[in-house]
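**Q** predicted model and sequence below, questions to follow.
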Protein chains: 2
Amino acid sequence: MSSARINGERLQRRIAALAEVGAIDGGGCARLALSDADRAGRDLVCGWMRELGLAVTVDAIGNVVGLRAGRVDGPAVMTGSHIDTVRTGGRFDGNYGVLAGLEVVAALNEGGLSTEHPLAVAFFTNEEGARFAPDMLGSLVYTGGLALDAALATTGIDGASVGAELARIGYAGPAPVPAAAPRAFVELHVEQGPVLDREGLDIGVVESVQGISWTEIEIRGTSNHAGTTPMALRRDAGWAAGSIINFVRELAQELGGDQVATVGRIEFFPNLVNVVPNRAVLTVDLRNTDEERLRIAEARLAAHLDALRDAEKVEISTRKLARFAPVRFDPAMCDRIETHARALGLATRRMPSGAGHDAQMLAAVCPTAMIFVPSVDGISHNVREYTHARHIEAGAQVLLAVLTELAGGTQPAGEHP
Amino acid sequence: MSSARINGERLQRRIAALAEVGAIDGGGCARLALSDADRAGRDLVCGWMRELGLAVTVDAIGNVVGLRAGRVDGPAVMTGSHIDTVRTGGRFDGNYGVLAGLEVVAALNEGGLSTEHPLAVAFFTNEEGARFAPDMLGSLVYTGGLALDAALATTGIDGASVGAELARIGYAGPAPVPAAAPRAFVELHVEQGPVLDREGLDIGVVESVQGISWTEIEIRGTSNHAGTTPMALRRDAGWAAGSIINFVRELAQELGGDQVATVGRIEFFPNLVNVVPNRAVLTVDLRNTDEERLRIAEARLAAHLDALRDAEKVEISTRKLARFAPVRFDPAMCDRIETHARALGLATRRMPSGAGHDAQMLAAVCPTAMIFVPSVDGISHNVREYTHARHIEAGAQVLLAVLTELAGGTQPAGEHP
C-alpha cells in the first residue's frame, strides 16, 4: 500500500500560518467571505497549492480547486472544505479540511507516489453564511443547486453583493459552474460539537447532516415615548422580538430530540433607551435531522408570528435566508472511512452533523461522506475552538487512506505502464 | 394688565425653521445632543435670542440662557426646555417650550413692555439622554445635582465624551455651574402622551413627574455553533436578553397602575445568524410616579437577573444609566397656571408627567411647575408627533400670562420711576 506519511507538524504550521490572516484576540480568525482578509487567506492557500504542484483553477463563484493529475484522466477524487470564517471564528473550522487535503498531497509528493485517478483539493466560497445567505453558497452553485446569476446578485449584511465582492478581491474566475461531478468527495472537519470529545473517541463517521431553516423576521410597530405610553397602547416591535426569542427556546424544548433553535442576530430601531422600538429585525435558525420534524418547527414558528400580529398589533414579514433538507451520505463511503480509521487503531462512532457542510451539496452529485475529529468541549464559532494535535494528525491519516483508496491506490510515480 | 399678544404664526415659523435643522423623512428631526445637527440648531436659536435683544450666556455644560433685563436686578423668572432630540424625534418635543419662551419675549418687545424682574429663556444640554446618559444632564448640572467633571467625562453611545463634544461644537461656555437659582421656573411642553388629546382638553397642569430608573444590562455567555450545540448545554446571552424583554412586560402588567417598562436598546455579539450570542447588552427603562413602587420594580428586575444567572449559567452585570425619584411641583405654581389657563377660557386638568423634563431638576432649587399641551394620539419620539396650531398658541398664551405675573407684571418700557 501507500508509503506516504502525514506530517502532523507541517499541517499544524499551515493551520497556524493561515490563522495569522485575519487573526483576532484569543487565537481565532475573522475572515468573512469575500472580505480583504478572505482574499489574503485565499492568496496564501493558492500559493501553497502551486508550491505543491497543483493546477489551480478558480470558478465563476470563486471556488478554488487544486488538481493533482492521476495516471488516467477523468473525474478527480475530491476533498476540501472552506476557509471563510464567522466574525469570531476558530482556526480549525473549514481550514483544517482544506489544509489536511494539502498535507495529503504533500505526503504523496514526498513519497514519490502517483494515484490512478486525479486528486483534487477544493475550498468553496461563503460556506459560513455569516456575510451572505445562504451558507454553503459556493458548493451549492458548484453542484447546480443555485443559478450563478442569483448567487452573484446576493447581498450581504453590509449591503455588498457577492458578484461585486468577488470581482473586487480578484476571485471571479473563468471556470464554469455548475462543474462536472467529482468521482467522489470526502470532507474532513472538526466536529464543532461535544459528542466525540465527551465520549473520548478519535473519529466520527458522519452519516447525515441536519436540515437547516434560516428565517429573517422583520417586525414593525410604533415608536413612542417610553415614559408616557401606557403598556396597553403599545405596538412594541422590541417586545415582539423578545417574545420570538423565548418562543424558539420553548419550541426546541418541546420538540426535543436533536431539534435546535437559535436567535443569533437582532437589531432594534431606533435602538434608544427611552423609545419604544418601531422596528426589529432578527433571525431564527432551526435545525433537525428529520425533515418532517423540521417542518413542524417551521409551522409552529409561523403560528407564533400570527398570534403576535394579533396580540401586539404589529406587522411581521419573513424572509427565508436558507433552507436545506437533511442529507444522508453514501453508506459505502461511510463504511470505507470506518474501516480505514479502525485499521489505524482509532476509536470511531457513526454520527449526524449538526452543522451544515459543503459535503452535503456535493452529496447531490457524487458519492460523499465526512470525517469528524473531536472539538474540545464542543466549542466552535468561537476563538476558543480547539482540537488536540493527535486528532488533527489522525484525521489527516484517515483522509490520506480514504482518498488514495478512492483514487485507485498509489504507485511510485515513475512506474505507470 | 399686559397688552402683549402671542403671535401664533410667528411661533410656528420658528418651530418649522428649527425643524429644518437635522430634518428627517416624515417631518421630524434627528439632533442628538452635541452632534453637528445640535450645534446648527443651537446656532439658530442663539441668533434668534440675540435678535430679540437677549443677553446670551453659555455655561460650562453647554446650557444656553437668554436674559431680558427687568426693572430691578436679581434672579430671573425662567422658562425653557431643550432642543436636542432623539434619533427619530418630532419637531415639538422640547423645541416648543424654548421657542414659546422666545415668543413671549417677542410679544413683550412688540408691546414695548418691561417686567419688574428679569426674564430668562433657557435651553439645557442633553435632555433626551439618547446619546449620553443620564438624560436631563444639563439641567442636572445646572442645579448642582451632578458635578461638572463627572458630567464632562460621560461617554455616549458612540464612545465620544460630553466634554470633548462640547468643545468640538463650540458650546463649552464660560458661565459657572451650578448656577444661581432662578426666581421661579415654568416649562411649557407637549404632553407626549394621549391623555389631553383623548379627553379633548387644552392645557395640562403638571403636578408631578414620574420617577425614572434606567439600567444597562450586560450578559456574557458562550458563543457557539447554532447547529451543533445541544440546547441544554447553551449559555446563550441572546436568550437571556429575550427573557428580560419578556420579564419587564410582565412586570409592568403585574404592578399595574402607571408602571411602565421598556427595552428600547439591544445589541448581540457577534450578531450572526448561526452563532449562539456570547454577549448581549440591553437597556431597561422603568418609570412610576410612586417611589416605593418603582423600588419594587427595580428589586423584581434584580431578582429576575439572579434567576437567569442560575438558569442559563451566564454572567450578568448592570450599570445604572439614570435614576431620578418622582418629583412634585410647587402647588402655588400649579394653581397659578390653572387660574391663568381658565381665565383664557381653556379646558384644563391636573396630571403627572410620564416623561422626564428639565423642570424636575429646577424644582430642586426654585418654585417650579409645567404646562402641557395635547399631543395628537399621544405619539412622541416619533416623526409623527403633532400638536394642533390652536394648542401651540394656547400654551404660549398661558406661558406669557404666568411668566409676566411671576415677573411682577408689565409696564410700558419707559415708565419706570
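**A** Structure received.
**Q** for the helix or strand where residue A:50 lies, buried residues please.
**A** Using DSSP states H and E, residue A:50 sits in helix A:36-51. By 16 or more other C-beta atoms under 10 Å in any protein chain shown, the buried positions in helix A:36-51 come out as A:37, A:38, A:39, A:40, A:41, A:42, A:44, A:45, A:46, A:48, A:49. (Glycine included, C-beta is placed from N, CA and C.)
**Q** what is the most widely separated pair among these?
**A** Spatially, the most separated pair among the buried residues of helix A:36-51 is A:37 and A:49, at 18.8 Å (C-beta to C-beta).
**Q** quick check, distance from stretch A:207-217 to the centre of its chain.
**A** Centre-to-centre, stretch A:207-217 and its host chain are 12 Å apart (C-alpha atoms, centre = their mean, to the nearest Å).
**Q** swap in stretch A:292-310?
**A** Stretch A:292-310 sits 26 Å away from the centroid of its parent chain (C-alpha atoms, centre = their mean).
**Q** buried sites along that stretch?
**A** In terms of neighbour count (16+ other C-beta under 10 Å), stretch A:292-310 has its buried residues at A:293, A:294, A:297, A:298, A:300, A:301, A:304, A:305, A:308.
**Q** apart from its chain neighbours, what residue comes closest to the last one?
**A** In space, residue A:308 comes closest to residue A:240 once its chain neighbours are excluded; the distance is 5.1 Å by C-beta to C-beta, 6 or more residues apart in numbering or on different chains.
**Q** whichever helix or strand that neighbour is part of vs helix B:237-255, what angle?
**A** According to DSSP H and E, residue A:240 maps onto helix A:237-255. Calculated by axes from the mean of the first three to the mean of the last three C-alpha atoms, to 10 degrees, helix A:237-255 forms an angle of 110 degrees with helix B:237-255.
**Q** got the buried residues for helix A:237-255?
**A** A:237-249, A:251-252, A:255.
**Q** list the helices and strands it packs on?
**A** Here helix A:237-255 touches strand A:211-220, strand A:260-262, strand A:266-269, strand A:279-288, helix A:291-312, helix B:237-255, going by 3 or more C-beta pairs under 8 Å, 6 or more residues apart in numbering or on different chains; DSSP states H and E.
**Q** how about the ones you listed, which one is nearest residue B:388?
**A** strand A:211-220 (26.9 Å).
**Q** same for that closest one, what does it pack against?
**A** For strand A:211-220, the contact count by 3+ C-beta pairs under 8 Å, 6+ apart identifies helix A:237-255, strand A:279-288, helix A:291-312, strand A:315-324 as packing neighbours.
**Q** ok, whichever helix or strand comes after it: who's next to it in the sheet?
**A** Next along the chain after strand A:211-220, taking DSSP H and E as the criterion, comes strand A:224-225. Here strand A:224-225 is paired, per DSSP bridges, with strand A:275-276 (antiparallel).
**Q** name the surrounding residues that touch the partner strand.
**A** Contacting residues not belonging to strand A:275-276 are listed as A:221-226, A:229, A:234-236, A:238, B:86-88, B:130, B:262, B:264, B:381 [C-beta atoms under 8 Å, 6 or more residues apart in numbering or on different chains].
**Q** who's in contact with stretch A:100-110?
**A** With C-beta under 8 Å, 6+ apart as the criterion, stretch A:100-110 contacts A:2, A:4-7, A:10-11, A:14, A:45, A:48-49, A:52-54, A:66, A:68, A:79-81, A:114-115, A:119, A:121-122, A:188, A:392, A:395-396, A:399-400, A:403-404, A:410.
**Q** mind checking which of those residues are in strands?
**A** A:66, A:68, A:79, A:80, A:81, A:114, A:115, A:119, A:121, A:122, A:188, A:410 (DSSP state E).
**Q** give me the nearest residue to the last one, chain neighbours excluded.
**A** Closest residue to residue A:410 apart from its sequence neighbours, by C-beta to C-beta, 6+ apart: residue A:113 at 4.1 Å.
**Q** please apply the same query to the third one.
**A** Nearest in space to residue A:79, with sequence neighbours left out and distances taken as C-beta to C-beta, 6+ apart, is residue A:101 at 4.2 Å.
**Q** and the residue in the stretch 301-417 of chain A positioned nearest to chain B, how many neighbours?
**A** Closest to chain B within the stretch 301-417 of chain A is residue A:354: 3.4 Å, counting by C-beta to the nearest C-beta. Residue A:354: 25 surrounding residues under other C-beta atoms under 10 Å in any protein chain shown.
**Q** could you find the closest non-adjacent residue to it?
**A** Closest to residue A:354 by C-beta to C-beta, 6+ apart is residue B:228, at 3.4 Å.
**Q** can you pull the contacts of that neighbour?
**A** By C-beta under 8 Å, 6+ apart, the contact set of residue B:228 is A:191, A:192, A:193, A:194, A:353, A:354, A:355, A:378, A:380.
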